[in-house]
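Asker: can you look at this prediction? I've put the sequence above it.
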Amino acid sequence: MESTPSFEERIVSQQRAGDGAYLAAQWDRYSAKHFLQLCGLVSALATADDAPASGTRRKVRVLDYGCSSGAVFRSLEYHLGDRIDFSFVGIDVDRRALGFILAKMPGVELYEADAIRLSELLDETLITADIAVVFQCCYALAGQDTDQILKGLSRVAPTVVVADHIDNCFGVESSVMTLRDAADRVYEATCHPFAHLLAEAGYTNVCVLPATPWKGLTGFIVASRNPLPPCTQLEEHIAEAAQPEFAEAANKRHAIRKAAPAAAPVNSVSPSIDEALDEIAARRCRTVSVYGDRPFVEAFRTAVNATMADVDTVWFSGSFADVEHGARVLDRTVLSSECVVVGGPLARLYHPRLLRLMARTGTVRPVFPVAIRFSRGSRRTTGTRSTNDGCSCSRGKPWR
Ligand SMILES: C[S@@+](CC[C@H](N)C(=O)[O-])C[C@H]1O[C@@H](n2cnc3c(N)ncnc32)[C@H](O)[C@@H]1O
């Protein structure tokens, strides 16, 4: 009897050969029309409830299944981040894509899964979202996988947005259809009976919204266990977001922010050495890797010796001059300590290097950046995940 291939065996074929240029290209598609339309939809769904207290942004957690480079997250944050306080969960089978997102948006919670693994993952791990998105992913999958994914997502989010081929939406089984894109090119594509699958998954309200046809996407299907806004209202939001004014307004907001270098970004923090020591003391860490230049490590060690003499430090630096003075070049032994402090003028460079190393080795340690303008997301994410030490996605822990 043939045994079912393991998750590792199943995903081998999903890892792409060559370099990661496809991810950079996808990441840069964040303001393409369909992404803008998705922003319109998410905005409509998010604002359907009562308005948040004045001066605060609504909190919305979005899960993207088949998230690839994270372009959906980038688009939502860029275009709606002034109104909505997003948090993100990403799931994909492409390991390089997950590493790419981790470097770009360290605050995103990431998991490695295919359709079969998704249900195991959800048995092991509490994953929640307000809105799940499956954007240009199902058209390349078998009907059974699509069914499993939608059933899995219904355990996670009360509302789901599927951006795919909607042409067989009200059918009863997946079928290959002949379609035409906006440039009148004919192609054959798998089209799933989404309305049927979503109803089977437990979603009671469905709205189907056609969009400019593109390979992999001829429209959006919004499904929810909660009442949905009228379809016409969703359509209006989609159409509005596709107008040049929508993207222009976001560009203007970002240009203004860039033009004001003196003002720290709203969500930036500048943790001091003392704050890092508070975190280390609170976590009772006894071994600390310090990743920074010589003046920083000397300042840090002086502060440690003054208040926490039983803490051992190991120094890492990317500078040869520092190596001559006893620093180690970054390698996986940086993760042998219970936590890592990153500081000094090159901290912005060292921080993503450290995150990439964690991603490569599947080992996570709390990281305390001590430098100006670290985003709160990066500090909080790495700093509060001490319980995930050494985690591996196959045990259902976040992918980092
Ligand atoms: C065409 S890309 C779409 C990416 C992204 N949603 C976007 O539009 O930018 C499809 C993504 O789905 C992922 N994928 C394919 N099959 C999958 C599966 N069975 N489970 C999870 N992810 C899958 C691929 O690795 C890829 O990143």
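Answerer: Received, thanks. Residues are numbered from 1 along each chain as shown.

Asker: now for the nearest residue to Val370 once chain neighbours are set aside, how many residues are close by?
Answerer: Nearest-residue entry for Val370: Gly343, 3.7 Å, with adjacent residues in sequence omitted and distances by Cβ to Cβ, 6 or more residues apart in numbering. The way it works is simple: take the backbone N, C-alpha and C, and place the C-beta from them, glycine included. Here the number of neighbours of Gly343 (other Cβ atoms under 10 Å) works out to 25.

Asker: surely Gly343 and Pro369 touch.
Answerer: Yes - with contact defined as Cβ atoms under 8 Å, Gly343 reaches Pro369; the gap is 7.0 Å.

Asker: got a pLDDT number for the residue nearest to Val370?
Answerer: We have a pLDDT of 90 for Gly343.

Asker: His237 versus that one, what's the distance?
Answerer: Distance, Gly343 to His237, by Cβ to Cβ, to the nearest Å: 44 Å.

Asker: repeat that for Gly99.
Answerer: Distance from Gly99 to His237, by Cβ to Cβ: 33 Å.

Asker: quick check: phi and psi at the most centrally placed residue in the chain.
Answerer: Taking Cα atoms, centre = their mean, the centroid of the chain lies closest to Val108, which sits 3.7 Å from it. Here is the backbone geometry of Val108 (degrees, to the nearest 10): phi -80, psi 130.

Asker: wait, it sits on Gly70?
Answerer: Yes - using Cβ under 8 Å, Val108 is in contact with Gly70, at 6.5 Å.

Asker: pull up the overlap in contacts between these two.
Answerer: When contacts are counted by Cβ atoms under 8 Å, 6 or more residues apart in numbering, Val108 and Gly70 are jointly contacted by 88, 90, 101.

Asker: just give me the neighbour total for the last one.
Answerer: Ile101: 26 surrounding residues under other Cβ under 10 Å.

Asker: the first one too?
Answerer: The tally of other residues near Phe88 (other Cβ under 10 Å) stands at 25.

Asker: next, work out how far apart it and Val186 are.
Answerer: 36 Å.

Asker: also the last one?
Answerer: Between Ile101 and Val186 the distance is 34 Å, computed by Cβ to Cβ.

Asker: residues of the protein that sit close to the ligand?
Answerer: 14, 26, 66-68, 71-72, 92-94, 97, 114-115, 135-137, 141, 145 (Cβ under 6 Å from any ligand atom).

Asker: try it again at 5 Å.
Answerer: 26, 66, 68, 71, 92-94, 114, 135-137 (Cβ under 5 Å from any ligand atom).
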